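J.: This is a predicted model, with the sequence first.
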Amino acid sequence: MTVTQDVPDTTAGPTTDVDAVVIGAGFSGLYMLHRLRNQMGLTARVFETGGGVGGTWYWNRYPGARSDSDSYIYCYSFDEQLWQDWEWSERYPEQHEIRAYLEHVAERFDLNRDIQFNTRVTGASFDEVTDAWTVTTETGETVTARYLIAGVGALSVSNTPKFAGIDSFRGETHHTGHWPHEGVDFSGKRVGVIGTGASAVQAIPLIAKQASDLTVFQRTANYILPARNGPVDPDVKQSRKQDYSGIWQRVRGSSFGFELTALEKGALESSDEERRRELQARWDEGGFGIWLGSYVDIFFQDEANAKVREFLHERIREAVQDPATAELLTPKGYAFGVKRVPLDSGYFETFNLPHVRLVDVKSNPVAEITPAGVKLADGAEYECDALVYATGFDAMTGPLNKIDIRGRGGELLREKWAEGPRTYLGLSSAGFPNLFIITGPQSPSVLSNMPVSIEQHVEFISRVIGDLRERGAQTIEPTRAAEDAWVVHNQELAETTLFTKADTWYMGANIPGKPRVFMPNLDFVGPYRQRCDEVVENGYEGFTITGSKHEAMA
Ligand code: N01
């Protein structure tokens, strides 16, 4: 760490409107506010675009929207009583239940009074004279703060492809990431769904129940695992309630933020029979077991990966009656697990229904949206009364790049990131003092159970801010050298895996013109947490702190 004292210490002075501005009132923003205000005694203002708390869960209200993480760990752990008191109704929490939970958290910790809803942050700029951020909202309101904390989520800027004629469609149009709050009734309607990612996989079986006719436009078939949702056995619930410390200790030290442990043997070291037994057990159990809790070599060796793919291909052929449709639903050309694996409840079986058809838009892409529906490159036209874009998000960098964030010398973050994100620890970026990013690119983030990574970042940021104030210091930011090394480290880690070989949103490949860079960090949740702690314990290795009154502490 470098400490400089060229800036007057005004930490205690009335230089800013609030100590911290937090952007977003999802899992990240709520906990951040609780820490800053209720536990550290700081002043904070949260700006939230939505009309209520929830972040991604405020907007993603499409049919079937629920977390793919088990309820008992898709929540906060920071307050044991909160965790003990809250009862989830099913194995995976549904959107409305997650929203109810977050509303409960906001009330329980009296958070709403410092959250300004229906307010989009459009800009933030760092003033090098006062060492303060000025945050600007859509309405032109400005607020100054010492610390700026982005809890903007990794998947909050929706992506709608720029199809020719898109505005000409006569029927109703919806995006899964911006679903109407009053819901949508598809009864008796001819519906087209474009996209077959995790959102579509959850929505399609339910839309099919209402629609009179459903056409699914698929560009890339997905490897999909069964969710096996339902009520949790009361005995299991009870034993979990008695194991609060054990569960969270395991989860925090794990690879992906779940209670999943990889097998010691690789897929290639196991006999066919052994492998089938292990995979079948995880298939029957449901959830991410085959993906994040089976053979580690599947992420590194295509041959090992192929063994799991074989098993999954068989499951598709079993579930889908029409061989041509089964073939189309069978993923090809990329490894299992390098694209986010959706969990399903009856997805494949939906294609056995007489009013549901699957259309391949890889070989025959969407050419235009017409007033009547979707026209493909070969001229075939599918008439629809409603179109659903399940076409995903400008992930990870999108939400930050949407805001004009200017650091030292007026440098614009999105310009700095033009060739891909540049961070230190996925938490901070050189030249942007006192900016903290919760679950940003180059941290485990979307490759983990999000609340676990969110809590780790919020606690890390709180610790840093607490230390800064203790030292009477003004700013903290990473050195360019530490950042460069982190960027290289992330790329090198990713290059050892099969993740970089596929066109996925992890790689920015879903957005035309976006740089092809693998965005999440692959150190894994436990080791990454340890690395962050070591950085602090080693005197903020890789950071520069200015204005410290206590240089000796460095
Ligand atoms: O978005 P996606 P999503 N023409 O990007 C297709 C999280 N999530 O909203 O694969 C035709 O996965 C695109 O095709 P391709 C989760 O992390 C979490 O479903 O790019 N098709 C793809 O099929 C998830 O990964 C939960 O070839 C086009 C689809 O649209 C992330 O959100 C639940 C196209 C987009 O799929 C995003 O999921 C749901 C075009 N021009 C989601 N452009 C939880 O469990 C795109 N597509 C918490």
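T.: Sure, I can see it.
J.: near the ligand at all, stretch 349-368?
T.: Yes: using C-beta under 6 Å from any ligand atom, stretch 349-368 reaches the ligand at V361, V366. Just so you know, the C-beta spots here come from the backbone N, C-alpha and C atoms, and that holds for glycine as well.
J.: Quick one: mean pLDDT over that stretch.
T.: The average pLDDT for stretch 349-368 rounds to 98.
J.: residues from the stretch 451-554 of the chain in reach of the ligand?
T.: Going by C-beta under 6 Å from any ligand atom, the residues of the stretch 451-554 of the chain near the ligand are W505, N510.
J.: Any regions of the stretch 451-554 of the chain where pLDDT drops low?
T.: 549-554 (pLDDT under 70).
J.: Tell me which stretches of it form helices.
T.: Assigned by DSSP state H, counting those that start in this stretch, the helices in the stretch 451-554 of the chain fall at 480-495, 525-537.
J.: out of those, which comes closest to A390?
T.: helix 480-495 (26.5 Å; C-beta to C-beta).
J.: Counting by contacts, list what that closest one packs against.
T.: Packing partners of helix 480-495 (3 or more C-beta pairs under 8 Å, 6 or more residues apart in numbering; DSSP states H and E): none among the helices and strands.
J.: Now do it against helix 525-537, angle only.
T.: Angle of helix 480-495 versus helix 525-537, following axes from the mean of the first three to the mean of the last three C-alpha atoms, to 10 degrees, is 170 degrees.
J.: Can you point out the buried residues in helix 480-495?
T.: By 16 or more other C-beta atoms under 10 Å, the buried positions in helix 480-495 come out as A482, E483, W486, V487, N490, L493, A494.
J.: next one: stretch 375-383
T.: For stretch 375-383, by 16+ other C-beta under 10 Å, it's K375, L376, Y382.
J.: With respect to the ligand, which of the buried residues of helix 480-495 is nearest?
T.: The shortest approach to the ligand among the buried residues of helix 480-495 belongs to A494, at 17.2 Å (C-beta to the nearest ligand atom).
J.: looking at it, the closest one is touching L522, isn't it?
T.: Yes: using C-beta atoms under 8 Å, A494 makes contact with L522 at a distance of 5.9 Å.
J.: Now render the buried residues of helix 480-495 as JSON lines, adding distance to K162.
T.: Converted to JSON lines, those look like this (distance: C-beta to C-beta, whole Å):
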{"residue": "A482", "distance to K162": "38"}
{"residue": "E483", "distance to K162": "33"}
{"residue": "W486", "distance to K162": "34"}
{"residue": "V487", "distance to K162": "30"}
{"residue": "N490", "distance to K162": "30"}
{"residue": "L493", "distance to K162": "33"}
{"residue": "A494", "distance to K162": "29"}
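J.: quick one: V22 is in a strand?
T.: Yes: assessed with DSSP: H, G, I helix; E, B strand; the rest coil, V22 lies in a strand.
J.: Can you give me the neighbour number for it?
T.: 34 (other C-beta atoms under 10 Å).
J.: Can you list the buried residues in stretch 224-237?
T.: I224, L225, P226, A227, N229, V232.
J.: how near is C532 to R252?
T.: 12 Å (C-beta to C-beta, to the nearest Å).
J.: now swap in R108 and tell me
T.: Distance of R108 to R252, computed by C-beta to C-beta: 23 Å.
J.: G192 now?
T.: For G192 relative to R252 (C-beta to C-beta), the value is 43 Å.
J.: neighbour-wise, which of the two wins?
T.: Remark: of G192 and R252, G192 carries more neighbours, 26 against 16, as counted by other C-beta under 10 Å.
J.: Between the two ends of stretch 509-526, how far is it?
T.: Distance across stretch 509-526, first residue to last, is 28 Å (C-alpha to C-alpha, to the nearest Å).
J.: And for stretch 21-30?
T.: 12 Å.
J.: Is any residue of it near the ligand?
T.: No: using C-beta under 6 Å from any ligand atom, we find that stretch 21-30 stays clear of the ligand, coming within 11.0 Å at best.
J.: now that stretch: how far from the chain's centre is it?
T.: Remark: stretch 21-30 is offset 14 Å from the chain centroid, using C-alpha atoms, centre = their mean, to the nearest Å.
J.: And stretch 413-426, by the same measure?
T.: Counting by C-alpha atoms, centre = their mean, stretch 413-426 comes out at 17 Å from the chain centroid.
J.: How about residues contacting it?
T.: With contact meaning C-beta atoms under 8 Å, 6 or more residues apart in numbering, stretch 413-426 is reached by 396-397, 400-401, 403-407, 429-432, 437, 439-445, 478-479, 482-484, 486-487, 508, 515, 517, 519, 521, 531-532, 535, 542-543.
J.: In the stretch 301-450 of the chain, which residue sits nearest the ligand?
T.: For the stretch 301-450 of the chain, C-beta to the nearest ligand atom, closest residue to the ligand: G392, 2.4 Å.
J.: Correct me if wrong: that residue contacts T160.
T.: No: the pair G392 / T160 is not scored as a contact, 9.4 Å apart, by C-beta under 8 Å.
J.: Neighbour count: the two, which is higher?
T.: The neighbour comparison of G392 against T160 (other C-beta under 10 Å) goes to G392, with 24 against 14.
J.: show me the contacts for that one.
T.: L155, S158, N159, G177, G195, G197, S199, W505, N510.
J.: Same question for M396.
T.: Neighbouring residues of M396 by C-beta under 8 Å, 6+ apart: A154, L155, P421, G440, P441, S445, V446, M519, P520.
J.: again, but for V320
T.: Per C-beta under 8 Å, 6+ apart, neighbours of V320: A326, L329, F348, E349, F351, N352.
J.: Need the contact partners of the longest strand seen in the chain.
T.: For the chain, the strand with the greatest residue count under DSSP state E is strand 142-150. The contact list for strand 142-150, computed with C-beta under 8 Å, 6+ apart, reads 11, 15-24, 29, 32, 45, 124, 130-136, 399-400, 403, 434-438, 440, 461, 465, 474.
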